[in-house]
Structures are given as C-alpha cells and as structure tokens.
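Student: sequence-free structure coming up:
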C-alpha cells in the first residue's frame with residue numbers, strides 16, 4: 001500500500017487490506033507523529049500495537065487469583081533468560097500456570113480495545129509492509145468486520161454508561177448510603193476493583209491496577225453502583241441517579257414498554273461485556289438477589305409520581321422472562337425474608353469474614369505485585385542508568401579531550417604571551433638601566449663641573465685655607481667614588497635581574513617544550529603500542545585462519561586419501577569378485 005499524504009479513515013484501510021487477504025504490517029501515523037501497528041495474516045488481524053494505557057496480563061491474572069506472584073516472577077525470569085521473544089501469555093500457557101482460555105480472553109479483549117481506540121485516530125500517513133511479521137499471542141486471528149462491529153457496539157455502550165460513572169476520570173468512593181444491599185454476590189474481578197477503591201483513584205487508575213481495560217473497569221463500576229456499594233464522587237449515583245436518568249430521558253412518565261426496553265438494553269450490555277461470542281467474559285452478570293429499586297409496574301398509560309421507586313437501569317433482567325407487572329414488590333420481598341432472618345445474618349457474617357479474608361489476600365497479592373513491579377522497574381532503571389553512565393563517560397571523554405586541546409592552545413598562547421612580555425620587560429629594563437646610566441653620567445659631569453668651579457674658587461682662596469681645602473677635596477673625592485661605586489652596583493644589579501628574568505623565561509619555555517615533547521612521545525608510544533597490539537592481533541588472527549586452513553586441507557586430504565583407499569579397496573574387491581566369478585564359470 002503506498003504512502004498517502006492526506007487524512008484517511010482507519011476502517012477503510014483495514015477493510016481494504018482484509019478484502020485483499022493481505023499478510024504483513026500496517027503502520028498508521030497521526031499528524032502529531034504517534035504511530036500504531038496492525039499485523040495481518042491472510043486478511044485477519046492477529047496483533048495490534050496502539051500507544052496509550054493498556055492492561056497488564058500479569059496484573060489481571062493476579063487480581064483474579066488465577067496466578068500467584070511467584071509464578072509470575074518465574075515466568076518473567078524465563079522470558080528474560082531462556083525464552084526471549086516469547087509473549088507473556090503464550091509463556092504462561094506453555095508453563096501450564098493458567099488455562100489457555102483465560103489468556104485468550106484477555107488477549108482478544110486487548111485487541112478489541114486497541115482497535116476501538118485506533119478508530120478514533122486521525123491518520124496522516126499509512127504504510128503497509130508486505131510480509132512483515134511479529135510473534136502471535138495465544139488468541140486466534142480475528143475478522144476485521146467483527147472487530148469494527150464490536151468497536152461500534154463498545155462505543156455505544158460506553159456512551160450509555162458515561163453519564164453514570166463520569167467517564168475514565170470518574171472517582172468511585174465507597175458508599176455510605178443505607179440503601180446498599182447485604183445479599184450481593186460479587187465475583188473475583190468485582191472484589192479486585194472494590195478493594196482498590198480509595199476515593200483518590202480514577203476509573204482509569206483502577207483499570208491499570210486491576211489489569212482491566214477502561215471499558216471493563218467502567219462496566220464493573222456500573223455493577224457496584226447498582227449494588228449500592230460505591231458512589232461516584234461529585235456525581236449523583238444510586239436511586240438519585242436513576243431518578244435523574246428517568247427524568248432526563250422524558251418529561252412524561254415511561255410506559256411499561258419503555259421501561260422494559262431500557263432494562264433489556266442495559267441487561268444486554270451487562271451480559272456481553274467481553275464482546276466475544278465464543279469466549280466467556282469474567283465480567284458476565286452476577287446473581288443479584290436484592291432489588292432495592294424494584295416496585296410494582298404501573299398500569300399501562302398511568303403516570304408515576306416522584307416518590308415511586310423505579311427499577312435501576314443497571315440491573316439485568318432475570319433469566320426467566322416475566323412481565324413487569326409480575327415483579328415482586330419490596331413489601332413482599334421483605335415479608336419473604338422475615339422467616340430467614342437468622343440465616344441471612346449468619347450468611348452475612350460468613351460473607352463478611354470471607355470478604356475480609358479476600359481483602360487481606362488481595363492486599364498481599366497487591367503488595368507482591370508492587371514488589372515484582374518494583375524489582376522489574378529497578379532492573380530497567382539500572383539498565384537505563386548504566387546506559388546513561390556509558391553515554392556520559394563517552395561525552396565526558398570527548399569533553400576532556402576538547403578541554404585538553406583547548407588547554408594546550410591556551411597554554412601555548414600564554415607561553416607566547418609571557419615570552420613576549422618578558423622580552424618587552426627586558427627591553428624596558430635595559431632602557432631604564434641605560435637611562436639611569438645616562439643620568440648618572442650627567443650628574444657626574446655636572447658634579448665634575450661644579451667641582452671644577454669650586455676648585456677654582458678654592459684655588460683663589462688656597463692661600464688662606466690650604467689645609468682646609470686639601471681636607472675638603474679629599475672628602476669630596478671619597479664621596480664621589482662612593483657615589484660612582486653605588487651607581488655601578490645599581491647598574492650591575494639591574495643587569496643581573498634582567499638576566500635572571502630572561503633565564504627564568506627561557507627555563508619555562510624549555511620546560512613547556514619538554515612537557516610537550518613528553519606528551520607527544522607518550523602519544524607516539526601509545527599509538528605504537530596500539531598498533532603493535534593490532535598487528536599482533538592480526539598476526540594471531542592470520543595464524544588462526546592459516547591453522548584452520550591447514551587443518552581443513554589436512555582433513556580434506558585425509559578425506560581424499562580415505563576415498564582413494566576405499567575406491568582402491570572396492571576396485572580390488574570388484575576385480576577379485578570378477579576373477580572368482582570367472583573361475584566359477586570356468587569350473588562350471
């Protein structure tokens with residue numbers, strides 16, 4: 001089937017492939033990019049994958065008590081180690097943990113649920129890969145027409161019960177009404193959901209926790225609403241909901257025929273929750289002994305007042321078809337129960353004890369399921385963390401390598417900058433020393449000039465102060481020598497500091513070059529080691545291949561030699577037989 005670039009109808013695509021008796025995988029894509037897959041074999045659907053919340057088979061089986069947590073953990077371990085690729089359903093049947101019919105019922109219901117969701121998709125692209133297969137679960141393939149028909153019926157039934165349960169986001173709470181009946185018989189799936197009603201979980205959450213589809217969970221909640229055991233938070237339920245349903249359906253009071261039609265319609269919905277004609281549903285109608293809303297049917301054409309109780313739209317009709325006028329009233333039913341009051345109380349006590357035991361058992365099973373899910377989640381999380389760690393190490397190594405290259409570049413730039421600065425500082429220092437030397441020479445010249453002038457003045461006064469002049473001249477000469485010596489020492493110190501700075505810069509450059517040379521040498525050695533290891537590995541591999549070739553040639557030569565020897569032996573036997581046959585003929 002070619003790709004299409006415009007929205008298509010899912011049912012048309014499915015029917016087209018069914019009419020072609022196609023075998024392969026149909027991939028459907030939403031405008032947002034979500035993808036679903038439908039696998040066909042000879043035009044029949046045997047597997048579906050649609051994104052969204054889906055019930056878990058293990059949770060479903062543990063909720064019903066058909067599978068223990070230990071058996072589920074063992075099956076999951078076998079699936080992980082020995083029988084990888086097997087689906088959990090076929091593995092449970094293979095290990096004889098559950099009956100095949102139970103798993104078939106679940107898988108069939110899951111396929112129907114996913115197809116029902118898929119029919120509401122807007123398809124932007126469809127692609128069919130001819131011959132592509134996936135592993136089939138235990139359920140047999142299903143006709144496309146049956147799936148589409150059942151999906152339509154399911155949508156219609158869901159629309160009928162949504163006003164009473166508030167949809168998938170409705171929150172059931174335990175009923176505190178005194179109208180709840182005490183003689184209700186509940187099945188394992190009813191108990192599984194009822195034990196998890198906490199006033200916080202929605203119907204969708206309860207479906208996930210029990211392993212139901214949202215549709216199945218909604219139908220179970222309908223039964224519990226009818227029994228008066230639960231209510232829907234912020235939504236009218238029980239008798240009030242029934243009266244609202246009756247008032248909203250028609251302004252006038254319903255006739256007997258209308259009431260009968262409504263009861264029959266809801267009874268049919270309750271009798272066919274699993275949508276399969278051949279697989280028994282775990283949600284089939286339970287025997288309900290009570291009828292809190294039952295009342296004598298009004299005469300045809302008569303109106304019903306607001307305080308007249310009406311039959312619940314959730315209660316299935318009895319197996320024996322009776323006219324509404326023959327239904328026993330509450331007064332007659334109460335009078336019939338008076339004689340068995342003690343028995344009812346005893347039964348109620350036993351039922352309460354059984355319910356308490358089942359509640360404890362369900363809580364234990366729930367705890368074990370949560371633990372199994374936790375262990376599985378930890379394993380998946382550990383794998384994810386390990387993968388993330390490896391990816392992080394790879395990214396970190398790349399980052400470190402980039403930082404090393406960048407650090408080398410920055411270090412080279414820094415060394416170059418320091419070398420330039422050192423040269424500039426040395427030049428400035430040399431200029432400063434030169435300036436200092438020029439200043440010293442200028443001062444010396446000026447002082448010499450001053451001394452000459454002073455000498456001439458003193459010479460003019462020499463006759464008067466010869467002794468004092470000689471002493472002053474000697475002192476001036478000494479001081480001048482000391483000053484010149486100080487200037488020379490300052491020049492020498494400046495030259496020494498400049499030389500030390502230049503030596504330090506040169507040493508740093510040599511050290512940097514040495515470090516770089518060592519790094520290059522280490523990388524060369526590492527590369528040579530890796531290359532040597534690779535050459536050694538190639539040599540070992542070549543030797544292994546050569547040995548295998550020699551061994552194969554030896555085996556082939558032995559085989560040829562054995563065949564030659566065998567042929568020679570056969571030829572000798574044939575010649576000997578011919579000789580013997582000739583001798584025998586000659587003798588005869």
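Tutor: Ah, there it is. None of these values were measured; they are calculated from a predicted model.

Student: Could you list the low-pLDDT ranges of the chain?
Tutor: 1-7, 177-183, 234-346, 348 (pLDDT under 70).

Student: Would you map the helices across it?
Tutor: 10-19, 57-63, 69-81, 88-94, 100-118, 144-165, 188-194, 203-210, 214-226, 238-249, 256-271, 330-338, 341-460, 466-587 (DSSP state H).

Student: need the contact list for residue 572.
Tutor: With contact set as C-beta atoms under 8 Å, 6 or more residues apart in numbering, residue 572 has no partners. Yep, even glycine has a C-beta here, placed from its N, CA and C like the rest.

Student: Can you add distance to residue 31 and give the helices of the chain back as JSON lines?
Tutor: Formatted as JSON lines, the helices of the chain follow (distance: least, C-beta to C-beta, whole Å):
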{"stretch": "helix 10-19", "distance to residue 31": "14"}
{"stretch": "helix 57-63", "distance to residue 31": "32"}
{"stretch": "helix 69-81", "distance to residue 31": "36"}
{"stretch": "helix 88-94", "distance to residue 31": "33"}
{"stretch": "helix 100-118", "distance to residue 31": "15"}
{"stretch": "helix 144-165", "distance to residue 31": "22"}
{"stretch": "helix 188-194", "distance to residue 31": "36"}
{"stretch": "helix 203-210", "distance to residue 31": "24"}
{"stretch": "helix 214-226", "distance to residue 31": "24"}
{"stretch": "helix 238-249", "distance to residue 31": "37"}
{"stretch": "helix 256-271", "distance to residue 31": "34"}
{"stretch": "helix 330-338", "distance to residue 31": "56"}
{"stretch": "helix 341-460", "distance to residue 31": "30"}
{"stretch": "helix 466-587", "distance to residue 31": "51"}
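
Student: Quick one, which of these gets closest to residue 41.
Tutor: Residue 41 lies closest, by C-beta to C-beta, to one member of the helices of the chain: helix 10-19, at 10.9 Å.

Student: okay, the angle between the closest one and helix 100-118?
Tutor: Computed by axes from the mean of the first three to the mean of the last three C-alpha atoms, to 10 degrees, the angle separating helix 10-19 from helix 100-118 equals 130 degrees.

Student: Mind listing what's buried along helix 10-19?
Tutor: 10-11, 13-14, 16-18 (16 or more other C-beta atoms under 10 Å).

Student: cool, and stretch 460-479?
Tutor: So for stretch 460-479, counting by 16+ other C-beta under 10 Å, buried means residue 469.

Student: distance between it and the chain's centre?
Tutor: How far stretch 460-479 lies from its chain's middle: 107 Å, per C-alpha atoms, centre = their mean, to the nearest Å.

Student: same thing with stretch 391-400?
Tutor: Centre-to-centre, stretch 391-400 and its host chain are 24 Å apart (C-alpha atoms, centre = their mean).

Student: closest to residue 32 out of the helices of the chain?
Tutor: Per C-beta to C-beta, nearest to residue 32 of those: helix 100-118, 14.8 Å.

Student: tell me what that closest one is packed against?
Tutor: strand 35-41, strand 44-49, helix 57-63, helix 88-94, helix 144-165, helix 214-226 (3 or more C-beta pairs under 8 Å, 6 or more residues apart in numbering; DSSP states H and E).

Student: buried sites along it?
Tutor: 102-118.

Student: cool, and stretch 215-223?
Tutor: Within stretch 215-223, the residues scored as buried using 16+ other C-beta under 10 Å are 215-223.

Student: For these, work out which two are farthest apart.
Tutor: Maximum pairwise distance among the buried residues of stretch 215-223 (C-beta to C-beta): 13.4 Å, between 215 and 223.

Student: Next, the contact list for residue 25, please.
Tutor: Per C-beta under 8 Å, 6+ apart, neighbours of residue 25: 37-40, 128-129, 132-134.

Student: Apart from its chain neighbours, what residue comes closest to it?
Tutor: Spatial nearest neighbour of residue 25, excluding adjacent residues (C-beta to C-beta, 6 or more residues apart in numbering): residue 132 at 4.0 Å.

Student: Over to the one you found: give its phi and psi.
Tutor: Per-residue torsions, residue 132: phi -70, psi 140 (degrees, to the nearest 10).

Student: Please determine how far it is located from residue 17.
Tutor: Residue 132 is 13 Å from residue 17, where distance means C-beta to C-beta, to the nearest Å.

Student: got any residues that touch both of these two?
Tutor: In contact with both residue 132 and residue 17: no residue, using C-beta under 8 Å, 6+ apart.

Student: what bridges to the nearest residue to residue 23 once chain neighbours are set aside?
Tutor: For residue 23, ignoring the flanking residues on the chain, the nearest one in space by C-beta to C-beta, 6+ apart is residue 41 at 5.2 Å. Note on residue 41: beta-bridge partners residue 44, judged by DSSP bridges.

Student: what about residue 41, neighbour count?
Tutor: Neighbours of residue 41 under the rule other C-beta atoms under 10 Å: 15.

Student: so who does it touch?
Tutor: Contacts of residue 41 by C-beta under 8 Å, 6+ apart are 23, 133, 136, 141.

Student: and if we set it to 10 Å?
Tutor: 21-24, 47, 133, 136, 141 (C-beta atoms under 10 Å, 6 or more residues apart in numbering).

Student: Ok, residue 168 next?
Tutor: 53, 158, 162, 202-207, 214-215, 217-218.

Student: mind redoing it with 6 Å?
Tutor: Each residue near residue 168 by C-beta atoms under 6 Å, 6 or more residues apart in numbering is listed here: 203-204, 214.

Student: do residue 31 as well
Tutor: residue 124.

Student: let's see 10 Å
Tutor: Residue 31 neighbours (C-beta under 10 Å, 6+ apart): 7, 121-125.

Student: how close does it sit to residue 8?
Tutor: Per C-beta to C-beta, residue 31 is found 12 Å from residue 8.

Student: residues shared between the contacts of the two?
Tutor: Going by C-beta under 10 Å, 6+ apart, residues that sit against residue 31 and also against residue 8 are 121-125.

Student: Write a PyMOL command that selects only the buried members of those.
Tutor: Buried subset of the shared contacts of residue 31 and residue 8, written as a PyMOL selection, criterion 16+ other C-beta under 10 Å:
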select buried, resi 121+123+124+125
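
Student: Can I get the shared contacts of residue 31 and residue 8 in CSV including distance to residue 505?
Tutor: Listed next are the shared contacts of residue 31 and residue 8 as CSV, based on distance: C-beta to C-beta, whole Å:
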residue, distance to residue 505
121, 74
122, 74
123, 74
124, 69
125, 69
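
Student: Out of the shared contacts of residue 31 and residue 8, which is nearest to residue 369?
Tutor: Looking across the shared contacts of residue 31 and residue 8 and measuring by C-beta to C-beta, the closest to residue 369 is residue 121, at 31.6 Å.

Student: What are the buried residues along stretch 521-532?
Tutor: Quick answer for stretch 521-532: no buried residues (16+ other C-beta under 10 Å).
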